[in-house]
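Enquirer: Structure of the sequence below:
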Amino acid sequence: MTFNNLADRWEKAEGPDLKSSTLAHYTNALRAYVRPHFGERNIKDITKEDIKLFLNEKAKNYSKSSLRSMRVVLGLTLAWANDNGWLDRYPLRKDIFLVHFPQACATVATLPSALLVSFFELGAL
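Expert: Sure thing, here's the model as predicted:
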């Protein structure tokens, strides 16, 4: 199944449960950012590395808010595919998050679980 096929199925199945403004936001993020990059890819071939590289590349030109939208809609669609048994593994784990540094573009980071917990305990995330 291609990502475009997955996104179409996700929108049709999950869209009615979302507020119309939320669905419009997710649909726009899919159309503008995610589908052009992952659209023709088989969902089983999309890796964590692919997602991180995609987000890092987009971080050069887009705001943290746009990057968050890209990550969220990727997460929703791929998690739905995993829940439906179309993926053997879920490539987008919660340890991929966005970091924004003043005077610099956002970047995507992966932290070990122990360090991630430390950030949460400190209120840094």
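Enquirer: Now the most centrally placed residue in the chain: phi and psi?
Expert: Centrality entry for the chain: nearest residue to the mean C-alpha point is Arg71, 2.3 Å, by C-alpha atoms, centre = their mean. For Arg71, the backbone dihedrals (degrees, to the nearest 10) come out as phi -70, psi -40.
Enquirer: Give me the residues contacting stretch 31-44.
Expert: 1-4, 6-7, 46, 50, 54, 58, 62, 66, 69-70, 73-74, 78, 81, 86-88 (C-beta atoms under 8 Å, 6 or more residues apart in numbering). Yep, even glycine has a C-beta here, placed from its N, CA and C like the rest.
Enquirer: so which helix or strand takes in the nearest residue to the residue nearest to the centre of the chain once chain neighbours are set aside?
Expert: Using C-beta to C-beta, 6 or more residues apart in numbering and skipping the chain neighbours, the partner closest in space to Arg71 is Leu55 (6.3 Å). Per DSSP states H and E: Leu55 is located in helix 48-59.
Enquirer: Quick check: mean pLDDT of that helix?
Expert: Mean pLDDT, helix 48-59: 94.
Enquirer: Distance from that helix to the middle of the chain?
Expert: Taking C-alpha atoms, centre = their mean, to the nearest Å, the mean C-alpha location of helix 48-59 is offset from the chain mean by 9 Å.
Enquirer: Which strands or helices does it pack on?
Expert: Helices and strands touching helix 48-59, by 3 or more C-beta pairs under 8 Å, 6 or more residues apart in numbering; DSSP states H and E, are helix 35-38, helix 64-83, strand 96-99, strand 107-110.
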